[in-house]
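Colleague: below are the sequence and a predicted model for it; my questions follow.
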Amino acid sequence: MTTFLQQFVNAAALGGVYALVALGLTLVYGVMRVPNFAHGGLYMLGAYFAYASLTGLGVGYIPAMLIAAVLVAILAALMERFIFYPLRNAPHVHPMIAAIGVLFFFEAAVQLVWGPDFKQIPEPVPGILSVGGITITWQRLIVIAASVVAMLGLNYFLKRTLTGTTIEALAQNREGARLVGINTNRAGMVTFAISGALAAIAACLIAPINSVAPSMGEVMNLKVFAIIILGGMGSVPGAIVGAFLLAFAEVFGGYYISLNFADVIGFAMLVLVLAVRPQGLFRRGT
Amino acid sequence: MLDVQGLGIRFGGNQAVQDVTASIPAGQITAIIGPNGAGKSTFFNLISGFYQPTSGKIVFLGEDITPLKTHQVVARGIARTFQTTTIYRELSVLENAMIGHRVRTKAGLLDALLRTGREKRDDQESRAGAMRALERVGLATQANRPAGALTQEGQKRVGIAMALSSDPKLLLLDEPAAGMNPEETVNLMALIRELVAGGLTIALVEHKMSLVMGLADQILVLHHGQKISQGTPGEVSRDPAVIEAYLGSHAHGGQMGQSTQGADHA
Amino acid sequence: DKVVQIGYSGPLSGGAAFYGKDVQSGIDLAINDLNKAGGIKVNGEKVTFKLVSLDDRYLPNETASNVKRLTGQGIKYVFVPHAGGIMTVQPMTTRDPEFLLVAYSSEPKILEANNPMTFMLPPRYDNYAAPFVKTQIKAFGKKLGLVGTTSAYGKQWADVITDEWKKQGGTVGANNGVDYGTTVDYSSAVTKALAEKPDVLFVGGPSQPTALVIKAAREQGFKGGFIVMDQAKFEQMETMIPKNYLDGSVGVLPTKEFSGTQVFVTKYQGVYKKIPTSEAALNYMGVNVLAKAMELAGTTDDPEKVRAQLSAAAKAIPQSKTVYKLFGVTPAGHVDAEFIIASVKGGKYTKLRMEKTFK
Amino acid sequence: MLEVRDLSVKYGNFTALHGVNLTVNPGEIVVLLGANGAGKSTLFRTLSGLQRPAGGSATWNGTPLTGGKPEFNVSHGVAQCPEGRLLFPQLSVQKNLRLGAYVHRRDPAGTEQALEHVYSLFPALVQKKHDPAGSLSGGQQQMVAIGRALMARPQLLLLDEPSLGLAPLVVEQVFQVLQQINQEGVSVLLAEQNAFAALGIAHRGYVMESGQITLQGTQNELMNDDRVRSAYLGV
Amino acid sequence: MKPGTGTVGWIVLFILAALLPFLKPSSFMLDVGTNIMIWAMLAYGLNVMLGYTGLLNLSHAGFFGIGAYTVGILTLKAGWSFWLAWPAAALLCAALGYLLGLVAFRTREDAFSIFTLGVGVIIQLVINKWDKLTGGNDGLNGINPPTGLEALSKGLGLKLSSGFYWLALLALIITVIVVARARYSTFGRSLIAIRGGEDLARSAGIDVYAHKLRAMLLSTAIAGFAGGVYAVFVGFMGSAVTGPVTTFTTLLYLLVGGIGTMAGPLLGTGLLYSVAQSLKSLQDYQYIIFGPLLVLLVMFAPHGLVGLWERIRAGRKGGGHA
Ligand SMILES: Nc1ncnc2c1ncn2[C@@H]1O[C@H](COP(=O)(O)OP(=O)(O)OP(=O)(O)O)[C@@H](O)[C@H]1O
Ligand SMILES: Nc1ncnc2c1ncn2[C@@H]1O[C@H](COP(=O)(O)OP(=O)(O)OP(=O)(O)O)[C@@H](O)[C@H]1O
Ligand SMILES: [Mg+2]
Ligand SMILES: [Mg+2]
């Protein structure tokens, strides 16, 4: 029983990690339909910028996170301006390939600057919480909480604020959006900037749990794309449910079946869900 | 030719088509009219197998086609066009029509790979069938132009040619005259008449009363998904329910434009 | 004057780049040392070296391609640091053109291929099993849990340790290995392994994830010992997690703790600003042995002759050039050196004795 | 006042408009007639800033409209109900309409009022307000498009074939409303295939052929012009 | 549209390519040539789905792997001749592709891509974990060259690498013929219709589902066919090449060459593979250059090399379509 509960907590923490990364992507992929494969790269850069701020500038954890968020946001906005915007009318695979090119570039650049070795970001709140034999580190609790907060915030932003609606409108019909007076250039950049900032914040929160390495984004990339489709494109609650679902499938699949096949189980569940509900969990069928 | 019985479909809480029983007689032109959102396009979508009805039955030439998939319905001889012009803009006019002919050919992947006699025959037949259709709509000379380069009206004709090349017995046209000026509308009416004279049965949805009144042998009126009237143009345009729901002052004028002007000056 | 090119095909980008780079740094350092010292004299001619590196992203087919390219440029000595690549190119060594394959991988199968042109640098990992198991059973108890990485190499390790553990009378729980390269959080694997209440955990993969596994186990209250696979380096792990977490572990002694390695360690740190691991040290050794063998063979063009002189070369050069104490090279092409393992207690490394070594 | 001077527009090497001259005086309804492909939509797109001209100018009360920034044009009082509707298919009808008032986002009260007005004009939309616009029937979508343009509360309203796909009764209403808002001071430029209805409410009109204005005149002049009668009125 | 025009060019190209080994190029050159042809075949297979049918199947490399492993396992463990195992591998992939399609075609667009991505990951992981059959992480080592290949090369006074080169060329020629025939046929035109718009194709009377299934079958068969050559060529099979990364690489080749074109897959693979090889010596800088290069290619040659060529040929005549 303790083991079961411990696994439950583990799954929740992993779900939090997935959700945090997926939420940043929801905005550009789920809503704007831009398959930004460089999102994993932005996530990775976020971790490195924070690392550099911590070790190079000697600032604290929170300032480092803010610096990283701002830098990555700027970078993401520039990407929108110079790559995705010009490709807005091209078929889907074009921006996807361009994004992969950017990802290659980011990884190589980071390796050149910081080397290929793993880096450490220490936990800002070290220590563990232990209740009745169940343990969880504070950092993981923070991740879970942050993912829920980010989800609520993002959902509110998209569904209840005008800027949010603007983003959705822009994604669904760019000309229509311009025609009602939306500055689509700016809105597009703002959207990417928000997504970039979310990626960086996610990276800063997750880095102390996992490692900081040039390939850290790649590992996440496929999973978070899958999560967004699993939850239903454009649905923020869907993304978070998808994230936790995948995490639980992996953890409990690994626990009851075989750890060797944990990843297989995760993707098998994805495939299964899509076979039954092709439009994802949270989107109404058309 | 086509009989529907108790046909209905709901989208969530919205009963878009409800308990419609009607028939489309062979060799005639049946017009379907009704206010916006009455369920006309949905009615066509049901017949062509695009949507599965939630109730009712569709019988075509004595066969129950309700459960059939769209391509099977087309194979039985029902073709259609869409309300907004949808064609393959980047393909040539001829290719568009050839795609429409696909349902009459059998050659598959294996035939393609082995270049069998069937493949060669089917290919020639597609070309011939497509050209026949293009001639019928008057586009034969434009066969090799990209369809997207044609005018709106030309594109509408491409859409009709695509439907015609499947050798249909029944043709469903959804607002074929939308966006056409009076002159073009008259041309279209002539085309439709010709098609019917050639043995085709046509059902069409249209808001242009000049066309409807000038062409239809029979009119079916939908409102809120239900059939509220059916009859000859004369009968329908005198039906108070139809006037109330749809025609308004147009009931008495032939040309809708004139009556608007009249209302204006009133 | 003559320049001899040394080929290298390893992962220089992607998830394993850190590993490929570490290996490359050892080769590079040795070549620079040799060149700075004015090169070597072969048959009266001055010979310097040049490294030609190609990225293979850890993919054996890329390694094969790279090796063809390198040998096509007339290169006769190629370093490859992963078992998959090594075994893919082994059959090519004796085809025209011939070349000497310097293999950096502790996989015993490399030797089983009986390839006459292979020169294998690290000790076989099956050497470690017996002393590791003996120490940990004695110190902690008879129940073993497995949370190693699931790379080819990690799985072999797990098998060897399992066999040895049973042989010495212990019991082994289910294998809860996970891929250290792609796993985002190790907690659940650790939880599963700990559910069987093991006394000792087998862990290991690259240092950083290994440290995270150890951390997760300690955080979940594990008090027992660890058997750490040779791929993970204590000297790197101790910078990542609290040192006391490592207490009760057995693994390979950090390079800097070997006697006589200080010269190398200082030199390496001066250039690369980081602690050298055995990746760098063994490849540094490999290049030096190779160079010496060329001197002894009196040729740089005939890899077969050079190969024949490897053992003599190993014995002829000082420890400053081999880093570790070398006894020679076996006829099968395997380095015969003193390799020491250690257990950690109170942050200190205690050397363990090896009773018998496979060569 | 809308002043279009020698406006030319090119798509690649194809010239869609050749030096078009046209004016809409304050408070006027002006109709633009033309066959398919004449260039009407091109002119409208240019006036909204969606298309950059190759030459010439277009100004609204002296403000140039040709800067290629639609948002600028809308905020200066020029709104369009475009060909092809350009709705946001997955957003609800209500959100589509509200976005029409994007330039008035600092005036929520005015927006609410406009919204009420649009709903009263198209009661069919009331029960659809929470449905995604893409699920509506063709005619209902056209209503949303017109409604969205009205939401911007423009001084100059550009309508590109607003009656497309609308039931006759609704067309009648739309034209009545156009007259009504025109009387409230809004200038209207209207492209229509339904020439009778359009000329019926217009003060003046232009005829465009192959990207050029070939005829212009008052309502009466056009109504009685033989060419117009045969080509556009179908008599 | 007219298959006639290009045919002569293709024949000349293939004859020249077949003569290349007699110029005695280095074995590395031949190796590059062989690699290009194998990956180009994979790209042709992907093109059948993406270029003609408009669906991005991200499990494509999985079928390449299944084909390769089938050849590896059948020749190594069951003692089959390569010449028998090879077609068997293609057939197996066709059958599996068909089965996958039965389920996968319930989804559309991005969901289809992600669905197949999941399948691709599963295929790779299963290959990786099924130690008994596939050798797991160790892979399959020592897959022998096809019988007769060495004798053929030696007989002509050439090395084995020439033999592999010809084998790949033969396979490529077969692939190109098959793909060309499929494309320029009644069947192929229907695929193009599906790519242009599924709903429209359906209402035009095309059995969309059945056509997609057949396209998938053809595409995966080609992938397996390419995999078979790969297995004997490298002589070693590891699971790494069977994963989505390989699919993405192939996608790159296809995009750079020109999606939906006949020459695109070969051109794109040829260019990118060579560029990647020449960048290799730059080591740390290879992706610093390769990444932006991709971005530039996508932005300034959106229709790939073939599109670029057509634009140049159209010359000053202009007429760029939007
Ligand atoms: N896919 C769908 N999902 C939800 N609602 C739908 C869908 N298709 C149609 N409807 C609804 O069904 C009703 C009928 O629509 P339909 O398109 O059949 O109308 P119509 O009679 O063709 O109108 P119009 O003359 O404006 O084209 C409308 O209220 C519409 O909103
Ligand atoms: N994006 C474009 N690229 C190239 N040519 C175009 C483009 N848009 C329109 N055209 C061409 O410009 C000409 C004018 O088109 P426009 O849409 O302005 O005509 P219109 O008068 O609105 O016609 P309709 O009554 O069909 O709406 C046509 O010949 C059309 O083919
Ligand atoms: Mg309709
Ligand atoms: Mg127009």
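Modeller: Structure received. Ligands and ions are numbered 1, 2, ... in the order given.

Colleague: ok, now which ones touch the residue of chain D found nearest ligand 3?
Modeller: In chain D, no residue comes nearer to ligand 3 than residue D:138, which is 4.4 Å away by CB to the ion. Heads up, the C-betas are built off the backbone N, CA and C, glycines and all. Applying CB atoms under 8 Å, 6 or more residues apart in numbering or on different chains, one finds that residue D:138 lies in contact with B:36, B:41, B:83, B:84, B:175, D:165.

Colleague: which residues in the stretch 251-359 of chain C form strands?
Modeller: With DSSP state E, counting those that start in this stretch, the ranges of strands along the stretch 251-359 of chain C come out as C:326-329, C:335-337, C:341-345, C:348-352.

Colleague: quick one on the thing from earlier: on the pLDDT front, check the residue of chain D closest to ligand 3 for me.
Modeller: Among the per-residue scores, residue D:138 holds a pLDDT of 84.

Colleague: ok, residue B:249 next?
Modeller: pLDDT, the model's per-residue confidence, is 63 for residue B:249.

Colleague: next one: residue D:152
Modeller: According to the per-residue confidence, residue D:152 scores 92 in pLDDT.

Colleague: can you check the one 3 residues further on too?
Modeller: Predicted confidence (pLDDT) for residue D:155: 93.

Colleague: name the nearest residue to residue 148, sequence neighbours excluded.
Modeller: Answering for chain A, as no chain was given. Using CB to CB, 6 or more residues apart in numbering or on different chains and skipping residues adjacent in sequence, the residue nearest residue A:148 is residue A:240, 7.6 Å away.

Colleague: try chain B instead
Modeller: In space, not counting the residues next to it along the chain, residue B:148 is nearest to residue B:89; the distance is 3.2 Å by CB to CB, 6+ apart.

Colleague: and residue E:97, what does it touch?
Modeller: E:63, E:216, E:217, E:219, E:220, E:221, E:223.

Colleague: let's see 6 Å
Modeller: With contacts taken as CB atoms under 6 Å, 6 or more residues apart in numbering or on different chains, residue E:97 has the following neighbours: E:216, E:217, E:220.

Colleague: in the helix or strand encompassing the last one, which residues are buried?
Modeller: Just to be clear, that refers to residue E:220. Element membership of residue E:220, judged by DSSP states H and E, is helix E:208-234. The neighbour-count check on helix E:208-234 (16 or more other CB atoms under 10 Å in any protein chain shown) flags E:208-209, E:211-234 as buried.

Colleague: stretch B:179-193 too?
Modeller: Of the residues in stretch B:179-193, those buried under the neighbour-count criterion (16+ other CB under 10 Å) are B:179, B:180, B:181, B:182, B:183, B:184, B:185, B:186, B:188, B:189, B:191, B:192.

Colleague: tabulate the contacts of residue D:138 in CSV, adding columns for distance to residue A:21 and secondary structure.
Modeller: Supplementary listing: the contacts of residue D:138 in CSV, determined by distance: CB to CB, whole Å; DSSP: H, G, I helix; E, B strand; the rest coil:
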residue, distance to residue A:21, secondary structure
B:36, 45, coil
B:41, 43, helix
B:83, 42, coil
B:84, 39, coil
B:175, 47, coil
D:165, 45, coil
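
Colleague: roughly how far does the residue of chain D closest to ligand 3 sit from residue B:38?
Modeller: Plainly put, residue D:138 is 11 Å away from residue B:38 if you go by CB to CB, to the nearest Å.

Colleague: also residue D:48?
Modeller: Applying CB to CB to residue D:48 and residue B:38 gives a distance of 32 Å.

Colleague: what of residue E:174?
Modeller: From residue E:174 over to residue B:38 (counting by CB to CB), the distance is 57 Å.

Colleague: and what of residue E:120?
Modeller: The spacing between residue E:120 and residue B:38, counted by CB to CB, is 47 Å.

Colleague: cool, and residue C:98?
Modeller: Computed as CB to CB, the residue C:98 to residue B:38 distance reads 85 Å.

Colleague: break chain D into its domains for me.
Modeller: D:1-77+D:156-235, D:86-153 (automatic domain parsing).

Colleague: quick check, nearest of the contacts of residue E:97 to residue C:4?
Modeller: residue E:220 (47.8 Å; CB to CB).

Colleague: find the nearest non-adjacent residue to the closest one, please.
Modeller: Using CB to CB, 6+ apart and skipping the chain neighbours, the partner closest in space to residue E:220 is residue E:97 (2.8 Å).

Colleague: ok, residue D:22 next?
Modeller: Closest residue in space to residue D:22, ignoring its immediate chain neighbours: residue D:4 at 4.2 Å, by CB to CB, 6+ apart.

Colleague: got it, and residue B:155?
Modeller: Once flanking residues are discounted, residue B:155 sits nearest to residue B:85: 4.9 Å by CB to CB, 6+ apart.

Colleague: okay, now that neighbour: neighbour count?
Modeller: Neighbours of residue B:85 under the rule other CB atoms under 10 Å in any protein chain shown: 21.

Colleague: so which residues of the stretch 51-200 of chain B form helices?
Modeller: B:70-76, B:93-101, B:109-114, B:117-137, B:152-164, B:182-197 (DSSP state H, counting those that start in this stretch).

Colleague: what's the most buried one of those?
Modeller: helix B:93-101 (a mean of 29; mean count of other CB atoms under 10 Å in any protein chain shown).

Colleague: center of chain D, which residue is that?
Modeller: For chain D, the residue whose C-alpha lies nearest the mean C-alpha position (CA atoms, centre = their mean) is residue D:159; its distance is 1.3 Å.
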